[in-house]
Every structure is written in structure tokens, then in C-alpha cells.
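Novice: the following comprises the amino acid sequence and a computationally predicted model.
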Amino acid sequence: MVRIMRHSFLLLLSFTLSLNLMAQETLTGHNYEVHTVNFSKDGNWLASGSGDRTAIIWDTQSKQQVFQITEHRRAIYDVAFSKLQNNLLATSSSDGHLILWDVKEQKLIKTLVEGDTNSNGIMSMDFSPTQNLLAVAYMGGELALWDTINFKLVNATHAHPFGFAMSVRFSPDGTKIVTTGGVDNTVKLFNSKDLSLRQTFNGTKNSDFNSFKSFASTLKNGLEVEEDAYNGTIWDTAFSPNGSEIASVDSAGMLSVWREESSTPVLEVRVNDYLALSIEYSKDGKNIFVGVDAFNSTVGNYVKTIDAKSGNIIKEVDAHQDRIRGLALSPDGKTLATASWDATVKLLTLPLE
């Protein structure tokens with residue numbers, strides 16, 4: 001009887017360990033901070049971009065590297081897969097380079113912008129779900145639209161005049177674009193057709209200027225930030241799956257949810273004592289995932305699951321040993337990829353355990 005119980009316990013322990021391994025897998029290959037991750041349209045590839053100036057494309061089944069991109073001269077701040085063409089990947093950097101790649105053929109298609117170490121760097125990108133357009137957000141505060149078939153600049157506007165357009169996203173129907181400002185503490189909503197401004201949402205003023213100034217100094221692109229112009233940093237934003245809401249996270253650790261018909265947030269939740277840096281909705285829109293910074297600690301760099309309706313924090317997963325700068329949801333909604341300054345990428349099985 002004792003032997004049977006012991007055998008059963010060992011089986012249960014083995015099963016539990018295997019579940020834990022399945023729930024969180026680590027991809028190693030970068031040797032410096034990882035800033036961004038993004039899944040391909042079919043979910044077979046994952047791209048990651050790092051401060052080591054490389055982007056790595058991973059096979060999501062084997063968890064092995066497919067190939068590595070080394071053309072950028074400075075940190076890669078974003079990678080984006082096309083939502084219409086499965087093999088098309090864009091990479092961008094603080095050097096101003098904007099490059100299109102064929103992942104299947106492992107070759108460079110077109111350099112849309114040839115930058116250098118003094119160029120206006122690129123913080124964020126997103127492909128339209130309905131057209132062959134790429135939205136690009138610049139350190140100088142500009143928002144640009146590129147035609148990825150004809151390789152032409154379609155339109156541009158100075159979305160954030162004081163600089164640092166930190167994040168850009170297309171709405172699920174492709175008719176709108178949202179950006180966040182790293183100096184003016186705003187979320188701005190544009191019509192994608194002509195980049196006309198629809199609405200500005202003002203974040204809560206906070207006083208983390210020294211933190212943002214330290215971050216800005218690492219970019220080495222000559223941009224100066226004036227303290228009297230600084231209102232706080234909104235780091236990232238995401239549309240809900242039905243496009244009715246926009247969620248954002250900021251340097252005060254606040255999660256805000258906005259609706260176009262309201263000038264104030266419909267939901268505000270303090271999700272962290274320090275920086276809240278990255279955000280994604282679950283596929284069904286019921287939950288919001290937020291990546292945070294534990295502030296000089298290897299413990300507490302959580303991926304937090306927040307109930308999108310109540311704002312309750314329902315789960316915390318201590319995923320990394322440094323700040324979580326990027327999140328991406330797989331097309332099937334079953335896996336959340338994370339990018340961290342601990343130089344690793346992780347694949348977390350949903351729901352988070």
C-alpha cells in the first residue's frame with residue numbers, strides 16, 4: 001500500500017513538473033535587453049528584437065532559431081509581422097533603419113528607410129489588418145504610414161510634438177490608429193485613411209522625469225527632453241478585440257481603459273508600484289495582460305492578468321528577472337510571448353498558471 005502511494009505521489013510530482021515546464025518556456029539567444037516580440041500570421045514564427053542590435057526569428061514548434069538579422073546599427077525596438085502576408089516581417093531600430101524581410105526565404109526585401117546613428121529612431125510599428133500598410137512611430141514624435149507593396153511613404157503627421165511616439169496600433173477593422181506619447185502623456189486616436197486626429201486622451205500627470213530622461217539617454221540620438229514639457233510616459237497601448245476600447249499603461253504603474261465617446265478613462269487600475277510597460281488583450285477580450293518592472297529587483301517582474309470589466313488583478317506570474325518590455329499574443333490566443341531586459345524571451349501558456 002505504501003509503495004502504491006509513493007508511486008502515485010511520484011507520478012503526480014512528475015506530471016506537475018511537466019505542466020510547469022509546459023506553462024513557461026524560455027528562449028535564449030540574445031545577449032542584451034530584449035525589447036519586442038511578435039507572432040507571424042499563422043503562429044509558426046516568433047520574432048524578437050534586442051538591444052544587442054539583432055532580431056531573431058524562432059520556430060514556435062521546435063523553439064529553435066530559424067535565422068538572425070544583423071543589419072541594424074543600434075538597438076532594435078520593434079519587430080512586426082504582416083497580418084496579410086505570412087512571410088513579411090518589418091524590423092526597425094533607434095538607428096532609423098526600417099527594413100522589410102521575407103522570413104521564409106530568409107532574405108531582405110527592401111530597406112524603406114536608410115538610417116544612421118544620428119537618424120530619427122523608430123520606437124514602434126504595426127501592420128494594418130486590412131491593407132498593405134505599415135504604421136511607424138518615431139522618437140521625434142512623428143507617425144508615418146508606408147505602403148509595403150509599392151515601398152512608398154503614404155502619409156505622415158507629427159503626432160506628439162514634444163517627441164517620443166512610444167507605441168502605435170491599428171484598430172481591428174483597420175480604420176483607426178492609436179499612438180502614445182512618451183513626453184506629453186497622451187493617447188491619440190487617428191483615422192487611418194488620412195491620419196486626421198479623432199480624439200486625444202490625457203493621462204494622469206506623474207513625476208518620473210528622471211526615469212524617462214535616463215531611458216532617453218540610452219537612445220543616443222540627440223533628442224533632448226525638457227522637464228517643463230514632460231507630463232509622464234505612456235509606454236504602450238492596445239485595442240480590445242472588438243475595437244470598442246483602448247487600454248494603455250504608464251510610468252506610474254497605471255492601467256487606463258478609454259472609449260472614444262468619453263474624455264476620461266472608463267477604468268483605471270494601479271497595477272504596479274513602478275513602471276507598467278507593455279499590454280495585450282486576451283483573444284476574447286475578457287482579460288488584459290500587463291508586463292511590469294520590479295525596479296532593480298530580480299523578483300516581481302510580473303505578467304499580470306487583469307479582468308477587463310472589473311479591473312481586478314486575478315493573476316500574477318513572476319516571469320522574468322528584469323523588466324518586461326514587450327508582450328505578444330499568438331493568433332490562436334493560447335500563448336503569450338514576453339520580451340525582457342534579462343535578455344530572454346518566454347512563451348507562457350494561457351491561462352497563466
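Specialist: Now that the structure is in, tell me what you want to look at.
Novice: which residues in the stretch 101-250 of the chain form helices?
Specialist: 209-217 (DSSP state H, counting those that start in this stretch).
Novice: which stretches in it count as strands?
Specialist: With DSSP state E, counting those that start in this stretch as the definition, the stretch 101-250 of the chain shows strands at residue ranges 107-113, 122-127, 133-138, 142-147, 152-158, 165-170, 176-181, 186-191, 197-202, 234-239, 246-250.
Novice: mean pLDDT and mean neighbour count added to the ones you listed, as JSON lines?
Specialist: C-beta coordinates here come from the backbone N, C-alpha and C atoms, glycine included. Conversion of the strands of the stretch 101-250 of the chain to JSON lines gives the following (pLDDT from 0 to 100; neighbours: other CB atoms under 10 Å):
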{"stretch": "strand 107-113", "mean pLDDT": "97", "mean neighbour count": "15"}
{"stretch": "strand 122-127", "mean pLDDT": "97", "mean neighbour count": "25"}
{"stretch": "strand 133-138", "mean pLDDT": "97", "mean neighbour count": "26"}
{"stretch": "strand 142-147", "mean pLDDT": "97", "mean neighbour count": "21"}
{"stretch": "strand 152-158", "mean pLDDT": "97", "mean neighbour count": "14"}
{"stretch": "strand 165-170", "mean pLDDT": "96", "mean neighbour count": "24"}
{"stretch": "strand 176-181", "mean pLDDT": "96", "mean neighbour count": "26"}
{"stretch": "strand 186-191", "mean pLDDT": "96", "mean neighbour count": "20"}
{"stretch": "strand 197-202", "mean pLDDT": "94", "mean neighbour count": "16"}
{"stretch": "strand 234-239", "mean pLDDT": "96", "mean neighbour count": "24"}
{"stretch": "strand 246-250", "mean pLDDT": "95", "mean neighbour count": "26"}
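Novice: V345 is nearest to which of the ones you listed?
Specialist: With CB to CB as the criterion, V345 lies closest to strand 234-239 of the strands of the stretch 101-250 of the chain, at 17.0 Å.
Novice: got the angle for the closest one vs strand 197-202?
Specialist: Going by axes from the mean of the first three to the mean of the last three CA atoms, to 10 degrees, strand 234-239 is angled at 130 degrees with respect to strand 197-202.
Novice: look at stretch 87-106 and report the distance between its end residues.
Specialist: Terminal residues of stretch 87-106 lie 9 Å apart, using CA to CA, to the nearest Å.
Novice: buried set for that stretch?
Specialist: 87-101, 103 (16 or more other CB atoms under 10 Å).
Novice: now D42: closest residue in space that isn't a chain neighbour?
Specialist: N86 (5.3 Å; CB to CB, 6 or more residues apart in numbering).
Novice: if we can go back for a sec, distance to W58 added to the strands of the stretch 101-250 of the chain, as CSV?
Specialist: Output for the strands of the stretch 101-250 of the chain, formatted as CSV (distance: least, CB to CB, whole Å):
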stretch, distance to W58
strand 107-113, 18
strand 122-127, 19
strand 133-138, 22
strand 142-147, 25
strand 152-158, 31
strand 165-170, 23
strand 176-181, 27
strand 186-191, 31
strand 197-202, 35
strand 234-239, 22
strand 246-250, 25
